[in-house]
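J.: got a sequence here, can you model it:
(4 chains)
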Protein chains: 2
Amino acid sequence: MSQPDMPTPPWERPRKRPAPTRVPLTRDRIVDAAFVVLDRDGYERLSMRQVAAELGVVVSALYVHVNNKDELLELMYNTLFDDVELPEPDPANWQDQVKDFARAGRRRLLAHRDMARVSMGHVPFTPELLPHVEKLLALFRAGGLPAPVMAIAGDLLSTYMEGFTMEESMWAERYREMDAGSWETIRDEIQKYFSSLPPDRFPNLVSIAELMVDESNDYRFELGLDIIIRGLASYAEKPEHPGHPGQQEKPAEPQT
Amino acid sequence: MSQPDMPTPPWERPRKRPAPTRVPLTRDRIVDAAFVVLDRDGYERLSMRQVAAELGVVVSALYVHVNNKDELLELMYNTLFDDVELPEPDPANWQDQVKDFARAGRRRLLAHRDMARVSMGHVPFTPELLPHVEKLLALFRAGGLPAPVMAIAGDLLSTYMEGFTMEESMWAERYREMDAGSWETIRDEIQKYFSSLPPDRFPNLVSIAELMVDESNDYRFELGLDIIIRGLASYAEKPEHPGHPGQQEKPAEPQT
DNA sequence: GCATCCATGTGAACAGTGTTCATAGAACCC
DNA sequence: GGGTTCTATGAACACTGTTCACATGGATGC
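T.: Numbering: from 1, shown residues only, chains lettered A, B, ... in the order given. Here you go, the predicted model:
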């Protein structure tokens, strides 16, 4: 139709969208656009129309590549552990390796706004995520955990990961909408609320109120991780390292 | 206007909605209706219009009593521990008492279809739920847990409760929509899927596949609970009962 | 070179959603 | 009886996910 080497005559109106610029729509591009919308507008406003608009395309075009919104969310969930390296299970270090796994998961969940809500209600049984589950189980096996414990340990760890980051991002979201002040402001608000409770009816809540402002989320996450690991280690059938028998019964010192 | 003791004359047509029958709309009635809709139609179809229809009322009528849908969901969440009794903390039995707390929570979450999804994303810091949180903390204190551990233990336990039941009801929902066969059918499907994985790349997943059909959800929940309790107990500063020192370091036998 | 085909993107439509608001109505107090 | 207050109504707005007949454009076959 148009000669590439010829200058376009002035009367010929330029096409609205120049042909060569028009990169074809793919699942990957849709997922990328969905992340852009998610990070900018949050989970509530993540709609098929917004994703389409981000790509400069009409809604129904998406449905050629994606069956429905749920499938798109699943594709997003599938990228959770992309480029997360999987270390060889080391029986002497399995506890730290499991912790690293959980830390990487949390980091990825916090990397995108509301990503925890996307992951919630999904199960890592896709070809992309199964290898990571397998690797986690290998760590448990290296630690000498009996099979039934292995079978529940994965759930336990991932529900903690997701639940904890979910709560984190919930507060972040709540802070975002009450635009006033900084993160410290809202934390003071929370602490003030707990401190204002009648101490005779809520002695423990009041006494813990201070901790909620003193301790960082990182510290709280690590502590919960330690609790889980200790519980798991107490089930280890054999010492996780030949040279250090019984270590799983006497874990690291409590971080009081 | 109308005399209560007089018989109604035959020419007086009855009102379309007899006046005394018309019970006034209240928050409680709205919440009850919402649960009816939730149990019948599930979380996805729980809409303000459906709730209104259940009450024989128009949508906008609800907004007189409830600010928005989120608030309605929060009211539903608030009923989670209604009529759950709170036992006095017994230092000798704190582990069982904590387990009972979690069991009650799971039972309540499973009592209504998709209730786990409603609870997800809410935080038990309402006047109705705070007493239960306080009681849980009292159990931890009775167990001699240091304050920082107490502060995270509640989150750990409730994320496990919610995450576990969430997964349970997810499978239940997936089973509901693929109407074919019984619960055993879908469990066989899952097991077949895991067994069909290449054993050289997924040795641990394949080896665990059998457990997923052999073990009941109840058993798996209890095992996860044990793991958490053991981890918590390992932080106890003093024996939870003067007469039984060291029990927290040697919990019950592993259920292998 | 031409015709055909197929997949990709279009625009309109459908059925539904949460939420708001002026209006009608009942109930209550003075 | 009159007036005020509160509740329920119906219509409307701006969205949502999803479907479908239609155009369009690039590759393929002849």
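
J.: DNA strand C contacts on chain A?
T.: When proximity is defined as C-beta under 7 Å from any atom of the strand, chain A approaches DNA strand C at A:Pro24, A:Leu25, A:Val57, A:Val58, A:Val59, A:Ser60, A:Ala61, A:Val64, A:His65. Where C-beta positions appear, they are placed from N, C-alpha and C, glycine not excepted.

J.: tally of neighbours for the fifth one?
T.: In other words, A:Val59. Here the number of neighbours of A:Val59 (other C-beta atoms under 10 Å in any protein chain shown) works out to 13.

J.: just checking, it touches A:Ile30?
T.: No. A:Val59 is beyond contact range of A:Ile30, at 11.6 Å (criterion: C-beta atoms under 8 Å).

J.: next one: A:Ile229 from DNA strand D, what distance?
T.: Distance of A:Ile229 to DNA strand D, given as C-beta to the nearest atom of the strand, to the nearest Å: 39 Å.

J.: my error: substitute A:Leu72 in the last question.
T.: Counting by C-beta to the nearest atom of the strand - A:Leu72 and DNA strand D are separated by 8 Å.

J.: find the nearest non-adjacent residue to that residue, please.
T.: Closest residue to A:Leu72 apart from its sequence neighbours, by C-beta to C-beta, 6 or more residues apart in numbering or on different chains: A:Val66 at 5.0 Å.

J.: show the contacting residues for that neighbour.
T.: Going by C-beta atoms under 8 Å, 6 or more residues apart in numbering or on different chains, A:Val66 touches A:Arg27, A:Ile30, A:Leu72, A:Leu75.

J.: ok, 10 Å please
T.: Applying C-beta atoms under 10 Å, 6 or more residues apart in numbering or on different chains to A:Val66 gives the contacts A:Leu25, A:Arg27, A:Ile30, A:Val31, A:Ala34, A:Met48, A:Val51, A:Leu72, A:Leu73, A:Glu74, A:Leu75.

J.: what does A:Pro124 give?
T.: Per C-beta under 10 Å, 6+ apart, neighbours of A:Pro124: A:Tyr77, A:Asn78, A:Leu80, A:Phe81, A:Gly105, A:Leu130, A:Pro131, A:His132, A:Val133, A:Leu136, A:Gly154, A:Ser158.

J.: make a markdown table out of the residues you listed and add distance to chain B.
T.: Converted to a markdown table, the contacts of A:Pro124 look like this (distance: C-beta to the nearest C-beta, whole Å):
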| residue | distance to chain B |
| --- | --- |
| A:Tyr77 | 13 |
| A:Asn78 | 17 |
| A:Leu80 | 16 |
| A:Phe81 | 15 |
| A:Gly105 | 13 |
| A:Leu130 | 7 |
| A:Pro131 | 7 |
| A:His132 | 11 |
| A:Val133 | 7 |
| A:Leu136 | 9 |
| A:Gly154 | 9 |
| A:Ser158 | 8 |
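
J.: just want the phi and psi numbers for the residue in chain A positioned nearest to DNA strand C.
T.: DNA strand C sits closest to A:Ser60 of chain A, with a gap of 2.9 Å, by C-beta to the nearest atom of the strand. Phi and psi for A:Ser60, reported as degrees, to the nearest 10, are phi -60, psi -20.

J.: for it, grab the count of nearby residues.
T.: When neighbours are defined as other C-beta under 10 Å, A:Ser60 has 9 of them.

J.: cool, A:Leu136 as well?
T.: Around A:Leu136 there are 24 other residues, counting by other C-beta under 10 Å.

J.: quick check: what element follows the helix or strand where it lies along the chain?
T.: Using DSSP states H and E, the element containing A:Leu136 is helix A:130-142. Using DSSP H and E, the helix or strand that follows helix A:130-142 towards the C-terminus is helix A:147-177.

J.: next secondary structure after that next one?
T.: Helix A:147-177 is succeeded, C-terminally, by helix A:183-195 (DSSP H and E).

J.: pLDDT averaged over the helix holding A:Leu136 - what is it?
T.: For helix A:130-142, the mean pLDDT works out to 96.

J.: that helix vs helix B:183-195, what angle?
T.: Counting by axes from the mean of the first three to the mean of the last three C-alpha atoms, to 10 degrees, helix A:130-142 lies at 90 degrees to helix B:183-195.

J.: off-centre distance for helix A:130-142?
T.: 18 Å (C-alpha atoms, centre = their mean, to the nearest Å).

J.: does anything pack onto it? Which helices or strands?
T.: Judged by 3 or more C-beta pairs under 10 Å, 6 or more residues apart in numbering or on different chains; DSSP states H and E, helix A:130-142 is in contact with helix A:94-111, helix A:147-177, helix B:203-214.

J.: remind me what the helix or strand harbouring A:Val51 packs against, helices and strands.
T.: Take DSSP H and E as the rule and A:Val51 turns out to sit in helix A:48-54. Packing partners of helix A:48-54 (3+ C-beta pairs under 10 Å, 6+ apart): helix A:27-41, helix A:59-65, helix A:69-78.

J.: list the buried ones in the last one?
T.: To tie it back to what came earlier, the one meant is helix A:69-78. Neighbour counts over helix A:69-78 (16 or more other C-beta atoms under 10 Å in any protein chain shown) mark A:Leu72, A:Leu73, A:Glu74, A:Leu75, A:Met76, A:Tyr77, A:Asn78 as buried.
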